[in-house]
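Asks: turn this into a structure:
(one chain, ligands or ions: 1)
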Amino acid sequence: MKTVRVILDKEYTIGTADPRIFGSFVEMLGRGVYGGIYEPGHPEADENGFRKDVMQLVRDLHLSVVRFPGGNFVSNYRWEDGVGPRESRPKRLDMAWMTTETNEFGTGEFIEWCRQSGTSPMMAVNLGTRGPLDAANLVEYCNHEGGTAWSDLRRSHGAEKPYDVKLWCLGNEMDGSWQMGAKTATEYGRTAHEAGKLMKWIDPSVELVVCGSSSRHMQSYGAWESTVLEEAYDIADYLSLHTYYGNADGDTENFLARTMDMDAFISEVVSTCDYVQAKLRKKKKIHLSFDEWNVWFHSSEETNRLMEKTARWGSALPLLQDIYTMEDALVVGEILITLLNHADRVRIACEAQLVNVIGMIMTENGGSAWRQSIYWPFAQASSLAQGGTVYRAVVRAPKHDTKDFTDVPMVELAAVGGKDGGLSLFAVNRDLKEEARISVDLRGFGENALSGATTMHDADLLAVNSAAAPDRVRPFALQGAEIRDGILTATLPAASWNVLTLKETKG
Ligand code: AHR
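Replies: Okay, here's the model as predicted:
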């Protein structure tokens with residue numbers, strides 16, 4: 001067992017955890033929508049075709065925002081295809097995923113699904129093969145009261161009241177050669193600026209996310225961000241970041257250190273935003289929207305095979321269906337901790353994606369729905385941390401090196417104060433063999449009692465949930481945690497995700 005000391009001070013805060021850090025993403029891709037959130041004819045489907053079993057699992061995630069409809073898909077999307085009477089909606093080839101899109105599900109269905117699942121829409125416009133006018137028209141369709149062609153079209157589709165979509169992404173991964181209508185930084189920055197200008201003229205209350213690099217490993221990373229911001233600073237509210245981690249080579253120690261990369265990525269993008277702010281002498285700060293993150297690697301070969309050979313131009317194919325393991329849940333827990341510990345600048349984040357497609361939830365067509373391992377850390381952090389104060393925790397932990405990282409701390413931890421007092425601690429012990437004995441001095445936080453302690457670990461790091469065993473991997477009680485003389489102590493098992501909650505008994 002190794003010892004880890006956590007130092008917290010009530011005066012030493014990072015910021016408020018914006019509820020929108022706990023967002024997710026539904027792309028018109030694979031079985032994310034069809035057979036995922038929407039499956040008319042399923043025994044659990046409601047009158048809209050929404051699966052009620054999936055809806056309940058989604059509600060329990062307390063999602064603040066859900067991004068839609070892409071992703072790569074959006075870069076050739078004609079949003080008009082997905083509104084109005086279903087029978088007249090066209091089928092289109094989707095070149096992002098080499099499938100056929102039926103357009104049975106579109107904007108109106110998504111908005112209704114958001115309402116029912118208690119989340120807010122974060123919509124993306126196509127700035128790949130389309131431009132400012134189509135983006136502006138979509139905002140007019142969604143957000144203008146009425147009396148104009150596009151807003152009256154929405155009303156004729158049965159939506160009297162505007163959808164009032166507040167958050168918009170200006171395209172998706174526009175730096176990537178795989179993107180339909182990919183652009184140089186200057187081309188994209190100009191287009192984003194003009195699109196954003198029209199969108200804000202139509203509805204000044206909207207907030208806009210401009211595309212950063214598709215990943216930290218793009219060759220144009222850094223230069224892309226600064227050029228785009230120089231072109232589009234005046235209309236931008238957020239800059240996007242995307243990242244996916246994998247363990248294809250089975251080096252779990254290295255895999256569990258990957259959030260060191262994410263941490264550096266966020267700091268670098270913050271610096272780039274601040275550099276452009278200084279260069280342009282602007283008052284406004286740009287915040288970050290980490291609107292795609294997850295573990296993604298299990299399904300890559302199968303997805304390529306389906307896209308290239310068997311099923312080119314099929315519909316609702318089982319693409320990107322990663323089955324998540326216990327160790328993936330640890331990385332997801334670490335990612336959530338990393339996002340919280342950057343709450344001063346990361347204001348939006350979307351786990352990618354929600355159902356079936358690299359999803360927290362899996363379904364069978366016509367069958368059951370269940371939680372993947374990664375569902376749990378998200379659900380726990382989302383229900384406890386939204387809107388809380390994130391403290392700057394100093395973690396004195398033993399460090400180790402891995403193939404790609406040096407000085408990797410044994411324990412990652414975030415400490416979040418609740419609005420009505422109390423504290424939640426989220427901690428991953430990433431050591432594969434040793435327990436971590438943590439002690440947290442809480443004397444600056446008044447008197448507290450332990451109100452909950454859970455852990456998630458498994459002797460088999462590759463254990464997964466399935467239709468047959470939906471609860472194989474899930475949190476359970478952590479024994480032995482206690483507070484004595486203002487000091488919290490707990491033993492975190494090797495390779496574990498842990499949540500400790502404290503209730504203030506005296507301020
Ligand atoms: O989330 C899957 C894909 O990953 C998205 O469509 C794209 O934006 C990213 O490359």
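Asks: residue ranges in this structure under the pLDDT threshold?
Replies: By pLDDT under 70, the low-scoring segments of the chain are 309-311, 507.
Asks: tell me the residues of it that contact the ligand?
Replies: 27, 70-72, 172-173, 292, 352-353 (Cβ under 6 Å from any ligand atom). Quick note: C-beta positions are derived from backbone N, CA and C, even for glycine.
Asks: and if we set it to 5 Å?
Replies: 71-72, 172-173, 352 (Cβ under 5 Å from any ligand atom).
Asks: for residue 287, list each beta-bridge partner.
Replies: residue 238 (DSSP bridges).
Asks: so it touches residue 237, yeah?
Replies: Yes: using Cβ atoms under 8 Å, residue 287 is in contact with residue 237, at 6.9 Å.
Asks: which residue packs closest to the closest residue to the ligand within the stretch 1-150 of the chain, ignoring adjacent ones?
Replies: Of all residues in the stretch 1-150 of the chain, residue 71 sits closest to the ligand, at 3.0 Å by Cβ to the nearest ligand atom. Nearest non-adjacent residue to residue 71, counting by Cβ to Cβ, 6 or more residues apart in numbering: residue 27, 3.6 Å away.
Asks: surely the one you found and residue 69 touch.
Replies: Yes: the pair residue 27 / residue 69 is scored as a contact, 6.4 Å apart, by Cβ under 8 Å.
Asks: and the residues of the chain next to the ligand, which of them are in strands?
Replies: residue 352 (DSSP state E).
Asks: can I get the residues of the chain next to the ligand in a markdown table including neighbour count?
Replies: Output for the residues of the chain next to the ligand, formatted as a markdown table (neighbours: other Cβ atoms under 10 Å):
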| residue | neighbour count |
| --- | --- |
| 71 | 27 |
| 72 | 21 |
| 172 | 31 |
| 173 | 23 |
| 352 | 26 |
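Asks: closest to residue 250 out of the residues of the chain next to the ligand?
Replies: Looking at the residues of the chain next to the ligand and their distance to residue 250, the nearest is residue 352, at 23.3 Å (Cβ to Cβ).
Asks: and the closest one, what is it in contact with?
Replies: By Cβ atoms under 8 Å, 6 or more residues apart in numbering, the contact set of residue 352 is 24-25, 27, 67, 71, 242, 244, 291-294, 296, 358.
Asks: turn those into a markdown table, columns for secondary structure.
Replies: As requested, those are exported to a markdown table (DSSP: H, G, I helix; E, B strand; the rest coil):
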| residue | secondary structure |
| --- | --- |
| 24 | strand |
| 25 | strand |
| 27 | coil |
| 67 | strand |
| 71 | coil |
| 242 | strand |
| 244 | strand |
| 291 | strand |
| 292 | strand |
| 293 | strand |
| 294 | strand |
| 296 | coil |
| 358 | coil |
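Asks: I'd like to know which of the residues you listed are buried.
Replies: For the contacts of residue 352, a burial check counting by 16 or more other Cβ atoms under 10 Å picks out 24-25, 27, 67, 71, 242, 291-294, 296, 358.
Asks: which one of the residues you listed sits closest to residue 192?
Replies: The closest of the buried ones among the contacts of residue 352, once distances to residue 192 are taken by Cβ to Cβ, is residue 291, at 14.7 Å.
Asks: that closest one: what's it in contact with?
Replies: Taking Cβ under 8 Å, 6+ apart, we find residue 291 in contact with 23, 25, 67, 122, 169, 209, 240-242, 348-350, 352.
Asks: and what of residue 428?
Replies: When the contact criterion is Cβ under 8 Å, 6+ apart, the partners of residue 428 are 256, 330, 333-334, 337, 411-413, 496-498.
Asks: can you tell me which of those are in helices?
Replies: 330, 333-334, 337 (DSSP state H).
Asks: ok, of those, which come out buried?
Replies: If we count by 16+ other Cβ under 10 Å, those have these buried: 330, 333-334, 337.
Asks: so which bits of stretch 53-68 are buried?
Replies: By 16+ other Cβ under 10 Å, the buried positions in stretch 53-68 come out as 53-55, 57-58, 61-68.
Asks: which one of those residues is nearest residue 451?
Replies: residue 62 (18.2 Å).
Asks: the closest one contacts residue 381, doesn't it?
Replies: No: at 9.6 Å, residue 62 does not count as touching residue 381 under the criterion of Cβ under 8 Å.
Asks: is the closest residue to residue 296 other than its chain neighbours bridged to anything, and to what?
Replies: Nearest residue to residue 296 in three dimensions, chain neighbours excluded: residue 244, at 4.0 Å (Cβ to Cβ, 6+ apart). Here residue 244 sits in beta bridges with residue 294, as judged by DSSP bridges.
Asks: show the contacting residues for residue 294.
Replies: Here residue 294 is in contact with 244-245, 332, 335, 351-353, 358, 374 (criterion: Cβ under 8 Å, 6+ apart).
Asks: an error on my part: the question was meant for residue 373.
Replies: Applying Cβ under 8 Å, 6+ apart, the residues near residue 373 are 324-326, 328-329, 456, 463-465, 473.
Asks: residue of the stretch 201-350 of the chain nearest the ligand, please.
Replies: residue 292 (5.5 Å).
Asks: torsion angles phi and psi at whatever residue of the stretch 401-507 of the chain ends up closest to the ligand?
Replies: Of all residues in the stretch 401-507 of the chain, residue 464 sits closest to the ligand, at 20.2 Å by Cβ to the nearest ligand atom. The phi and psi values for residue 464, taken as degrees, to the nearest 10, are phi -140, psi 160.
Asks: in the sheet, who's paired with it?
Replies: Taking DSSP bridges, one obtains residue 325 as the residues bridged to residue 464.
Asks: tell me how many other residues surround it.
Replies: Residues near residue 464, counting by other Cβ atoms under 10 Å, number 20.
Asks: pretty sure residue 236 contacts residue 206?
Replies: No: the pair residue 236 / residue 206 is not scored as a contact, 12.0 Å apart, by Cβ under 8 Å.
Asks: tell me which of these two has more neighbours.
Replies: Between residue 236 and residue 206, residue 236 has the larger neighbour count (other Cβ under 10 Å), namely 24 against 20.
Asks: helices of this structure, residue ranges please.
Replies: Using DSSP H, helices in the chain cover 52-59, 107-117, 132-143, 149-156, 185-202, 223-232, 252-255, 259-279, 300-305, 326-340, 375-385.
Asks: tell me which other helices or strands the first one touches.
Replies: Packing contacts for helix 52-59, counted by 3 or more Cβ pairs under 8 Å, 6 or more residues apart in numbering; DSSP states H and E, involve helix 107-117, strand 361-363, strand 369-371.
Asks: flag every buried residue along the last one.
Replies: Put plainly, it is strand 369-371. Result for strand 369-371 [16+ other Cβ under 10 Å]: buried residues 369-371.
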